[in-house]
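**Q** below: sequence and its predicted model.
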Amino acid sequence: MNPIAAPSCNTATLTPYVPSGSNPWNASKVKHAYRRLGFSASQTTVDQALGLSPGQFIDNLVDTAFSQPPTPAPSWGYWALSNFTDFQTENEQYMLDWRVRTGNDFMAENLRGRMAAFWMNHFVTELEVYSYAPYLFQYYNTIQIHALGNFKSFVHDIGITGAMLLYLNGFENTNVNPNENYARELYELFTLGEGNGYTETDITETSRALTGYNHWTELGAQITFNVSTHDTGVKSIFGQNGNWGYSDVIDLLFQERGVEVCRFICDKMYKFFVSPSVDALITMDIIEPLAQTMMANNYELVPVLKQLFKSEHFFDDRAIGVVIKSPFDTIFGFVKETEFFYDDSIMESFLYYSGLMGQEIFDPPDVSGWQRDEEWINTSTLTGRWELMQLYVTFLFGNGYELTLTDLAKDLTNNSNDPEFITQVLVDHFVPKQLYTLTDYDIATDIFKWDVPQNYYDTGQWNLDWSTAPYQVVLLLNHIARMPEFQLK
């Protein structure tokens, strides 16, 4: 029995958001958009966005992501096994390299990076299962190409990537020994939702139609269709009879169950980008119109994304700060908001610690992916977040980047020497909404003041150029990272 969803507090509509005196276009809304539609942004980027209207801002974000070319293929991106000199060593290194490359993409690409992360948790594969660098690249490349494109084409192409064919046993699916694994997940997880619009017979018949993708010219090469292992008999799928093959399945799915597909995908995108809380009114007033837009535009994603992201509903104050950050959000967002130094070696550490906190890049726990939100937080993962932030800030402090800590405070506060003001500005920079009480700010201020005698603050002698200032910023940043509000976006 499914639990009844609690009513959503956000009653705003899909009407495009137009700023007004009572509902201004401000930094809070821009930061909200960047935290949801990218992995956050620097204050400079936020200030630039304020020079645009909300509609222009979203158009720029979506259009840039849509037209962005995929990350160039590495030299080994389409290798077969025979191309490797030392397979074990090289394959491990290339997989690590591509994880780091992907982390860098997430940081750099705003909406395209965020959409890629979303689809990697939708069309799930687990690298530890297939463990092959060329298939990792090809899977990621397919996701980048289709991230904001046509969902029907996306479904078609992702199912015949080497990663997916190995992960969900499509490579083993033949007319002699059919395997239902991919057919089941195609409907249950990728397009329709569990038990929605398909039968066990549809799964069995679909698995027969999907047979034949189990040929390669040599080990590790691209997997292609082999007519000799394809079931050429008549199959009945969604009540339609014919000698269906792979592309026919995709055509039938969208022809016969297109409405259900659109509802399922729009519901999932809403929960990811807006709020995990969906009730009957949200379904009727938000998700259903989005699904209609998707249908009317032949499964193109851009019109749906623009309709949602430009809306009063998305920019409503009640939509801000209601999603729990993932491990990626936590560290990537912090780096983007500070513009602190990082390189490939540090990115490797970010990904390692994110994995310890439950989000190992390209390796979700199972085919249903990370469940997100409350699942991110428990006793060990929460303290892991704190430790990661502390390790990173301490690294900067001890390795020649001390002045970048105070530069952040100077830039955000116009080089103020008022510790209360500095504290409030830095806290508000990192949290989606102001702290609950003034006492919370007072506690943070006391931590920031550290052991500097009060009279130096009273007389205005203290400033951010003092030798103690970088360490004081370290103390404040570590305190902010432990705030409950910091865990939200």
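**A** Looks like it came in fine.

**Q** where do the strands of the protein begin and end?
**A** 235-237, 240-242 (DSSP state E).

**Q** helices and strands around the last one, which ones?
**A** By that I understand strand 240-242. Judged by 3 or more Cβ pairs under 8 Å, 6 or more residues apart in numbering; DSSP states H and E, strand 240-242 is in contact with helix 246-273. Where you see a C-beta, it was placed from the backbone N, CA and C, and this is true even at glycine.

**Q** what about the helix it packs on, average pLDDT?
**A** In this model, helix 246-273 carries a mean pLDDT of 98.

**Q** just the buried residues of it, please?
**A** Within helix 246-273, the residues that count as buried by 16 or more other Cβ atoms under 10 Å are 246, 248-250, 252-254, 256-258, 260-273.

**Q** likewise for stretch 51-58?
**A** 54, 57-58.

**Q** can you put the strands of the chain in JSON lines and add mean neighbour count, mean pLDDT and distance to residue 284?
**A** JSON lines is the format used below for the strands of the chain (neighbours: other Cβ atoms under 10 Å; pLDDT from 0 to 100; distance: least, Cβ to Cβ, whole Å):
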{"stretch": "strand 235-237", "mean neighbour count": "21", "mean pLDDT": "98", "distance to residue 284": "30"}
{"stretch": "strand 240-242", "mean neighbour count": "12", "mean pLDDT": "98", "distance to residue 284": "30"}
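
**Q** nearest to residue 470, of those strands?
**A** Closest of those to residue 470 is strand 235-237, at 64.5 Å (criterion: Cβ to Cβ).

**Q** stretch 313-323: end-to-end distance?
**A** 15 Å (Cα to Cα, to the nearest Å).

**Q** over to stretch 366-385?
**A** 23 Å.

**Q** that older thread, got JSON lines for the strands of the chain, with distance to residue 459 too?
**A** Listed next are the strands of the chain as JSON lines, based on distance: least, Cβ to Cβ, whole Å:
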{"stretch": "strand 235-237", "distance to residue 459": "80"}
{"stretch": "strand 240-242", "distance to residue 459": "83"}
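
**Q** how close does the residue nearest the centre of the chain get to residue 326?
**A** Centroid-nearest residue in the chain, with Cα atoms, centre = their mean: residue 117, separated by 3.6 Å. Computed with Cβ to Cβ, to the nearest Å, the distance linking residue 117 and residue 326 is 8 Å.

**Q** again with residue 70
**A** Going from residue 70 to residue 326 by Cβ to Cβ gives 23 Å.

**Q** and for residue 344?
**A** Residue 344 sits 21 Å away from residue 326, taking Cβ to Cβ as the criterion.

**Q** neighbour count for these two, which is higher?
**A** A count of neighbours by other Cβ atoms under 10 Å puts residue 326 above the other of residue 344 and residue 326, at 23 against 13.

**Q** so who does the more buried one touch?
**A** When contacts are counted by Cβ atoms under 8 Å, 6 or more residues apart in numbering, residue 326 touches 359, 370, 372, 376.

**Q** give me that answer again for 7 Å
**A** Counting by Cβ atoms under 7 Å, 6 or more residues apart in numbering, residue 326 touches 359, 372, 376.

**Q** from residue 115, how far off is the last one?
**A** Distance, residue 376 to residue 115, using Cβ to Cβ: 20 Å.

**Q** and those two? Which one has more around it.
**A** residue 115 (27 against 21).

**Q** quick check: chain neighbours aside, which residue is closest to the more buried one?
**A** Spatial nearest neighbour of residue 115, excluding adjacent residues (Cβ to Cβ, 6 or more residues apart in numbering): residue 147 at 4.0 Å.

**Q** so the one you found makes contact with residue 117?
**A** No: the pair residue 147 and residue 117 fails to qualify as a contact (Cβ atoms under 7 Å) at a distance of 9.4 Å.

**Q** of the strands of the chain, which is nearest residue 477?
**A** Taking the strands of the chain one by one with Cβ to Cβ, strand 235-237 is closest: 55.9 Å.

**Q** quick one: list the elements packing against that closest one.
**A** If contacts are counted by 3 or more Cβ pairs under 7 Å, 6 or more residues apart in numbering; DSSP states H and E, strand 235-237 sits against helix 200-209.

**Q** run through who's touching the helix it packs on.
**A** Applying Cβ under 7 Å, 6+ apart, the set of residues contacting helix 200-209 from outside is 173, 178-180, 183-184, 187, 231, 235-238, 244-246, 248-249.

**Q** that helix to helix 246-273, inter-axis angle?
**A** 120 degrees (axes from the mean of the first three to the mean of the last three Cα atoms, to 10 degrees).

**Q** mind listing what residue 73 touches?
**A** Residue 73 neighbours (Cβ under 7 Å, 6+ apart): 137, 141.
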